[in-house]
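Curious how this folds, go ahead:
(4 chains)
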Number of protein chains: 4
Amino acid sequence: MDQIGMAVLGAGYWGPNLIRNIRAIGDADLRWICDLDVARAERANGPRSTTRVTGVLDNVLEDPDVKAVCIATPAATHVEVGLACIESGKHVMIEKPLALSSGDASKLAAAARDAGVVLMCDHTYCYTPAVRHIRSLVQEGSIGELQYFDSVRINLGLVQTDVDVFWDLAPHDLSILDFILPPGVHVEAVAAQGADPISAGRACLGYLTLRLSSGAIAHAHVNWLSPTKIRTTIIGGSDRIVVWDDLHPTQRVSMFDRGVQLNGGLEARRDKLVSYRLGNMVAPALPEEEALQVALREFLASITEGRAPATDGNAGIRVIRMLEAASRSMELDGATVPVEA
Amino acid sequence: MDQIGMAVLGAGYWGPNLIRNIRAIGDADLRWICDLDVARAERANGPRSTTRVTGVLDNVLEDPDVKAVCIATPAATHVEVGLACIESGKHVMIEKPLALSSGDASKLAAAARDAGVVLMCDHTYCYTPAVRHIRSLVQEGSIGELQYFDSVRINLGLVQTDVDVFWDLAPHDLSILDFILPPGVHVEAVAAQGADPISAGRACLGYLTLRLSSGAIAHAHVNWLSPTKIRTTIIGGSDRIVVWDDLHPTQRVSMFDRGVQLNGGLEARRDKLVSYRLGNMVAPALPEEEALQVALREFLASITEGRAPATDGNAGIRVIRMLEAASRSMELDGATVPVEA
Amino acid sequence: MDQIGMAVLGAGYWGPNLIRNIRAIGDADLRWICDLDVARAERANGPRSTTRVTGVLDNVLEDPDVKAVCIATPAATHVEVGLACIESGKHVMIEKPLALSSGDASKLAAAARDAGVVLMCDHTYCYTPAVRHIRSLVQEGSIGELQYFDSVRINLGLVQTDVDVFWDLAPHDLSILDFILPPGVHVEAVAAQGADPISAGRACLGYLTLRLSSGAIAHAHVNWLSPTKIRTTIIGGSDRIVVWDDLHPTQRVSMFDRGVQLNGGLEARRDKLVSYRLGNMVAPALPEEEALQVALREFLASITEGRAPATDGNAGIRVIRMLEAASRSMELDGATVPVEA
Amino acid sequence: MDQIGMAVLGAGYWGPNLIRNIRAIGDADLRWICDLDVARAERANGPRSTTRVTGVLDNVLEDPDVKAVCIATPAATHVEVGLACIESGKHVMIEKPLALSSGDASKLAAAARDAGVVLMCDHTYCYTPAVRHIRSLVQEGSIGELQYFDSVRINLGLVQTDVDVFWDLAPHDLSILDFILPPGVHVEAVAAQGADPISAGRACLGYLTLRLSSGAIAHAHVNWLSPTKIRTTIIGGSDRIVVWDDLHPTQRVSMFDRGVQLNGGLEARRDKLVSYRLGNMVAPALPEEEALQVALREFLASITEGRAPATDGNAGIRVIRMLEAASRSMELDGATVPVEA
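Numbers count the residues shown, from 1 in each chain, chains lettered A, B, ... in the order given. Just a heads-up that it's a prediction; the model follows:
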């Protein structure tokens, strides 16, 4: 098969990861790295490379051999840069969040549809072996009915200058939730509580509560100010409960047989408090794959096969609508507000 | 010194812990164990004991050598049993929650004041070496200004038949928060989000957000349905951040030098994401003491010294007012509601 | 059933645990606590108890209602105290090590046989749910052939004045190994390497290597000087490998499907180094029971049923012979020496 | 400064790590990748690279712009390949073990001395922030006198076809030990116990005990067959004890104030068993650096500055002599054998 000519736009934090992974895929040919800061793009390119570097987007867009573009520029530029690429007929993969408003995200989706190109939102976590495994457990019904989803994503990060902690970190949790939800279930409403204890001008830590159409609840704790790093998600089902600890490389996913029962008196309670779980636990053997590489392969496959990627523009739009509802909830002192359908 | 004659009322889940600890204190003499289920009281007493067992509260109240009573009956009975003891001139220590309403709790406090007896609320966690250490760090200013408080208390527990998960588990978190708050700071408002995914008739998992008068935020996640047991609290200060992991016996308290700075550009961000913390961490050597024994010693000391215990009736009332605000917030779909002053 | 009258000899470190557990068993009646330090025995007895306390062993031996005695005196006294009890017709359970020489241990076993009383060695760990589960896995063949056994038992302990770290700590590991060995397999030889870095006059940390008759290897690291506490045992089998982490209360036993294969070239190696295990892991739900209580029930059952207990005098003798071989190996600079059959 | 022209020989398991890190260093110019399997070398090179690939060593040796060579070929070829490079006037860095005998290793060292080129042994772990920190703690005396060193390095790895587990894994532990030893202290003798439970034809797991000239003891457990991955080293000193857990990225190094005291009676023992450590623990903030990059910088600096690298040929020889003593001990059934001076 011919290689697909590619370009990476943005050589800041995430760009080098894209570059490294594109280079590791035989089907792709990285032709350009573009960044307004050309020296940074040069550093990201590395020595002895024939990949070209530029600070001018048009150089990339005018190269007919560039078929697909990965956009890792600041979120505020996604809509403009993305539309330029789409209008030049390039397939695009855009970092999360897809845009800073659902209106802009919808423009990207409409433009891609009109141009007949792929629009993929790089919800990287959805491509981890853990999340794909959890998705199959949820959607095949092996956890029973989804009852709750609780995610903690905290550690020491730089306080962003353009977005608050919800828009910076929660897209991970929200895109994972969106990805694993059983068919027919969606997020109906969001309540957000945030705080800015260091007077940064925006929320630096916060809590999202999401109400699902099935009656289940989801919650995410995002925090830039925590000295400890925690990335743990609990997915509670009526039959099994799954714990995903992304920082435990040899046991990322633990599946517990369901343990709580309503019957039993005070004597039973004591036993249950002592025996922390009643059923066996199974930790499945999962492959060790870099999620971004799996995501890039999905991008290329969706181009080749002429189909939507697993995390398409609509997934990006849904996540942004949850974030918009969170922002409105913050303005309403934490009230629960509906998510735009 | 003469021993203080004591009685334990309620031989269910918590009673045996009270009995064991009272017996280990030389200053106390356990004269009675009282429970409507006399056989259960007999089992709690154990063999070859001259401690008397009864199902009739009056037998205890009429014993003039009983000076102090520990009440571990169901929460709904606290006010009636507590008032009877107080009116008999007994000093009382009552399990959390002090009562099921702030009105009832205030009645207990007023009665104790009128009778000149000690009323202590058994906020056991406040007597752990970890919490006492954290309290001194906060109140002596060595963490700087308190910025956030985040507590997770989840594991598999029996779904209670009389109270929801907030009233069952959150008194621990709220009493700890109340205990460590710097002078002049109090909880102003509460928002609560709960869920009952197993149709138990009451919230089985939930999230509390508390707004402090200083502008800081506190949050508690309580959950009866989690297969993993987590008991971790983060106390964020402007100078240091403390992580208390109650399930890590050899390193319960970790104090991190503050790491987040507002300056620094995009390049700095990458470094910070890689290096999870910037400062040293110190885990202080803490004694291994059973908190309940320390609490009982405080109860006896407050009796002997004629002073209020560290967790007195007022502390119990403050915690109940937070719980009442949480219940109102639940009725208002998660809206933030003020705590009664 | 009538209760069995019991006595505890020795109220030092372990005695209070025996007392507490005997009291929790309905079938036993603790009549006496005996210690040369009577005040210590009084403290161990606790208040309001009708259990009698004495410093004179004969008081216990002359009580015809005492049928069974638990001996928790210093190891050097086990043989003398044990023989006195046996000769008085008492069934005896003796703390590990059974004696300080296999000759003395054999005297105890012979005396018990002659007197028709039970002699049990309190190899407490053999009565944990974890070890019993592992034993059944090994003996039922579900791990395949036993290939290796690796045990680490280290933490900060007091440097003993009478025995070295091998005789103090390794009886745990050796008794567990002895307990789980498949039928027909025994320990043939021992090599020991010890060190006394603090000039205590005896080894304070050391390493035992044991050669099994099946060709398998066992190893134990025992250490009084470690600041971290580790109690982890790996039991490698040809089909499955079991990891027992006694300090991980919610996941004490982990069973891994066998992952190593001999075939595969250099390319395969890289994959294996990245994916730490190839098969699923199962952590069985185990009951939370106090091992000492299970041991005491076994002691009482062996008396009632007139049979040998699961850890009888012969088990105690086998463990001591391994320790004696270890001591000889130390004298021979770590050479591998045979264990007396 | 001019860049130093470099080549990587061997594109198997370790080669790609060398290639990636050389490319990330501005001072180096990777001119050649050489492997008998040219396709593997091409893959390691990656796309769009002007670095040349060859299967013929002479092509590299004849390039006058290649000043420094990193050798990651199989251990059995180190001496031949290394001598060829040295005789061509190239500076060489060779993967551990430096050679398969101390004789061969000495030949390499002598040849490099004669040719006036740098010979560095890539003891990568010595360049981790953790080991450098521990080295400074030991050598500056802040742990007091070194008392013991205990290292565990186990996980599922491929059974090597050319070397046993000691020669494969223990060079890590032995090079770290060699690197941190205080001046004047050296390893005097080694005892080794190994096992081959899967009939691989060589030891697949084993234990090394090392006797230091100071009287201290060192021990290493290496194992290819463990389902769990452990990489923990304890360095016991008379004043402080350091625990290095390489798999705990946010707390790799923990320094405990010394806790054991010889005085104290039986009562004291109980306290010590309960309180696992007596002093505070400090976990220093360490930079997150890739050790191999630091090692490569040391290689380049030693070339530029005309000095021996921190892990020079002599370090490599010392490690091999320990391994040779271990092999002799294995033949002598675990007897303690001296290390060649």
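
Specify the local secondary structure of the closest residue to residue A:74 other than its chain neighbours.
Of all residues not flanking residue A:74 in the chain, residue A:162 sits nearest, at 6.6 Å (C-beta to C-beta, 6 or more residues apart in numbering or on different chains). Every residue, glycine included, has its C-beta placed from N, CA and C. At residue A:162 the chain is in coil, as set by DSSP: H, G, I helix; E, B strand; the rest coil.

was I right about residue A:162 contacting residue A:77?
No. Between residue A:162 and residue A:77 there is no contact under C-beta atoms under 8 Å: 10.3 Å.

Between the two, which is the more surrounded one?
Taking other C-beta atoms under 10 Å in any protein chain shown, residue A:162 and residue A:77 do not tie; residue A:77 has more neighbours (15 against 11).

how about the strands in the stretch 201-341 of chain A?
Here the stretch 201-341 of chain A has its strands, by DSSP state E, counting those that start in this stretch, at A:205-212, A:217-223, A:225-237, A:240-245, A:253-257, A:281-283, A:337-338.

quick one: the third one near chain B?
Yes. Under the criterion of C-beta under 8 Å from any C-beta of the partner chain, strand A:225-237 makes contact with chain B via A:225-229, A:234, A:236.

Please apply the same query to the shortest one.
No. Using C-beta under 8 Å from any C-beta, strand A:337-338 never reaches chain B; the gap is at least 10.0 Å.

What mean pLDDT does that strand get?
Taken as a whole, strand A:337-338 has an average pLDDT of 98.

With stretch A:23-42 instead?
When pLDDT is averaged along stretch A:23-42, the result is 97.

The residue of the stretch 51-200 of chain A found nearest chain D: neighbour count?
In the stretch 51-200 of chain A, the residue that lies nearest chain D is residue A:51 (5.1 Å; C-beta to the nearest C-beta). By the criterion of other C-beta under 10 Å, residue A:51 has 22 neighbours.

Give me the local confidence score for residue A:108.
As summarised for this prediction, residue A:108 has a pLDDT of 98.

Quick check: it is in a helix.
Yes. Membership of residue A:108 in a helix is supported by three-state DSSP.

For it, which non-adjacent residue is closest in space?
Leaving out its chain neighbours, the residue that sits closest to residue A:108 by C-beta to C-beta, 6+ apart is residue A:82, at 4.9 Å.

Tell me the buried residues in the helix or strand harbouring that neighbour?
In this structure, residue A:82 sits in helix A:78-87 according to DSSP states H and E. Using 16 or more other C-beta atoms under 10 Å in any protein chain shown as the test for burial, helix A:78-87 gives A:78-79, A:81-86.

Residue A:3 and residue A:30 touch, don't they?
No. Using C-beta under 8 Å, residue A:3 makes no contact with residue A:30, being 9.5 Å away.

Compare these two (neighbour count), which wins?
Between residue A:3 and residue A:30, residue A:30 has the larger neighbour count (other C-beta under 10 Å), namely 27 against 16.

what residues are up against that one?
Shown in contact with residue A:30 (C-beta atoms under 8 Å, 6 or more residues apart in numbering or on different chains): A:6-8, A:19, A:22-23, A:51, D:47-48.

Kindly recompute the last result at 10 Å.
The contact partners of residue A:30, by C-beta atoms under 10 Å, 6 or more residues apart in numbering or on different chains, come to A:3, A:5-8, A:18-23, A:45, A:49-52, A:66, A:70, D:46-48.

of these, buried ones?
A:3, A:5-8, A:18-23, A:45, A:49, A:51-52, A:66, A:70, D:46-47.

before we move on, the earlier item: got any residues that touch both of residue A:3 and residue A:30?
Joint contacts of residue A:3 and residue A:30 (C-beta under 10 Å, 6+ apart) are residue D:47.

quick one on the thing from earlier: could you measure from the residue nearest to residue A:74 over to residue A:223?
Distance, residue A:162 to residue A:223, by C-beta to C-beta, to the nearest Å: 18 Å.

Over to residue A:257?
Distance, residue A:257 to residue A:223, using C-beta to C-beta: 32 Å.

same check, this time on residue A:79
In this structure, residue A:79 and residue A:223 are 28 Å apart, going by C-beta to C-beta.

now residue A:116
From residue A:116 across to residue A:223, the span is 42 Å (C-beta to C-beta).

the more surrounded of these two?
residue A:223 (26 against 10).

What separation is there between the more buried one and residue B:217?
11 Å.

Now do the shared contacts for those two.
Counting by C-beta under 10 Å, 6+ apart, the common neighbours of residue A:223 and residue B:217 are A:195, A:203, A:205-207, B:148, B:150, B:236.

got those as TSV, with neighbour count, distance to residue A:128 and pLDDT columns?
Below are these laid out as TSV (neighbours: other C-beta atoms under 10 Å in any protein chain shown; distance: C-beta to C-beta, whole Å; pLDDT from 0 to 100):
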residue	neighbour count	distance to residue A:128	pLDDT
A:195	24	29	96
A:203	26	27	95
A:205	28	24	96
A:206	26	24	98
A:207	28	24	98
B:148	21	29	96
B:150	23	25	98
B:236	30	29	94
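
Out of those residues, flag the one nearest to residue A:139.
Closest approach to residue A:139 among the shared contacts of residue A:223 and residue B:217 (C-beta to C-beta): residue A:207, at 27.1 Å.

I figured that closest one was touching residue A:169, is that so?
No. Applying C-beta atoms under 10 Å, one finds residue A:207 not in contact with residue A:169, separated by 11.8 Å.

if we can go back for a sec, which ones are touching the residue nearest to residue A:74?
Listed by C-beta under 10 Å, 6+ apart, the contact set of residue A:162 reads A:74-76, A:100, A:168, A:202.

Could I get the full set of helices for chain A?
Ranges of helices in chain A, per DSSP state H, are A:15-23, A:38-45, A:57-61, A:78-87, A:102-115, A:129-139, A:165-180, A:266-274, A:291-305, A:313-331.

before we move on, the earlier item: touching both of residue A:162 and residue A:77, which residues are there?
Joint contacts of residue A:162 and residue A:77 (C-beta under 10 Å, 6+ apart) are residue A:100.

ok, the closest residue to chain B within the stretch 1-150 of chain A - contacts?
Nearest residue of the stretch 1-150 of chain A to chain B: residue A:147, at 3.5 Å (C-beta to the nearest C-beta). Residue A:147 is in contact with A:212, A:214-217, A:235-239, A:241, A:258, B:195-198, B:204-205, B:225, counting by C-beta under 10 Å, 6+ apart.

again, only this time at 8 Å
A:216, A:236-238, B:195, B:197-198, B:225.

Next one: it from residue C:14, what distance?
Distance from residue A:147 to residue C:14, by C-beta to C-beta: 46 Å.

likewise residue A:171?
57 Å.

neighbour count winner among those two?
Each of residue A:171 and residue C:14 has its neighbours counted (other C-beta under 10 Å); residue A:171 has more, 26 against 20.

From residue A:307, how far out is the residue lying closest to that one once chain neighbours are set aside?
Of all residues not flanking residue A:171 in the chain, residue A:96 sits nearest, at 4.2 Å (C-beta to C-beta, 6+ apart). Taking C-beta to C-beta as the measure, residue A:96 and residue A:307 are separated by 21 Å.

Have a look at these two and say which one is more surrounded.
Using other C-beta under 10 Å, the more surrounded residue of residue A:96 and residue A:307 is residue A:96, with 24 against 11.
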